[in-house]
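[1] 3D model of this:
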Amino acid sequence: MHLIQYDPFAEMEKMFNSHSFSPALDVYEEKDSVIVETPLAGVDVKNVSISVQKSVLTIQGENKKEHEVDDKNYYRKEIRSGSFYRQVALPVPVKENEIRAEFSDGILKIVCPKAEAEAAKKIIIEVIKKDKK
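    Residues are numbered from 1 along each chain as shown. Next up is the predicted model:
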């Protein structure tokens with residue numbers, strides 16, 4: 001058996017060195033939908049991709065910032081640029097073909113219409129008696 005060791009500091013270092021970030025998310029439920037919102041101020045929506053598979057929503061893209069100032073001339077540099085990636089498991093089944101997204105005032109809002117809950121399936125079990133020998 002192989003033991004997998006997780007090093008959170010290595011993960012953080014990898015994230016900082018790759019110039020990628022994970023945007024914050026709000027996920028909430030309305031009567032007919034699950035809503036996912038994320039702030040992407042300054043991001044061109046042409047560089048954003050949204051997908052959903054097996055009730056897992058994936059948002060990825062890139063914030064390309066042209067640097068007018070050489071990196072070494074910054075006193076403080078907190079505005080993020082680079083690629084971003086975020087996945088979230090949706091809390092209820094959704095109609096994946098009807099998901100829509102809108103971008104307004106720097107907020108990406110993804111509306112996921114709820115799917116009808118599947119009824120439990122009843123399975124009849126046939127009992128077979130075996131002869132003892």
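[2] only C-alpha atoms from now on, for both contacts and neighbour counts.
    OK.
[3] in this structure, which helix or strand is least confident?
    helix 8-17 (a mean of 57; mean pLDDT, DSSP states H and E).
[4] quick one: low-confidence ranges for this protein?
    Across the chain, the ranges flagged by pLDDT under 70 are 1-19, 65-72, 133.
[5] middle-most residue in it, spatially?
    residue 87 (2.2 Å; C-alpha atoms, centre = their mean).
[6] that one bridge partners, please.
    residue 58 (DSSP bridges).
[7] can you tell me the closest non-neighbouring residue to residue 62?
    residue 83 (4.0 Å; C-alpha to C-alpha, 6 or more residues apart in numbering).
[8] contacting residues around that neighbour?
    With contacts defined as C-alpha atoms under 8 Å, 6 or more residues apart in numbering, residue 83 is in contact with 19-21, 60-63.
[9] among these, which pair sits farthest apart?
    The most widely separated members of the contacts of residue 83, counting by C-alpha to C-alpha, are 19 and 60 (13.7 Å).
[10] how many neighbours does residue 113 have?
    Neighbour count for residue 113, taken as other C-alpha atoms under 10 Å: 22.
[11] what do you get for residue 25?
    15.
[12] can you check residue 45 too?
    Count around residue 45 with other C-alpha under 10 Å applied: 16.
[13] please verify my assumption that residue 49 contacts residue 57.
    No. Residue 49 is beyond contact range of residue 57, at 10.6 Å (criterion: C-alpha atoms under 8 Å).
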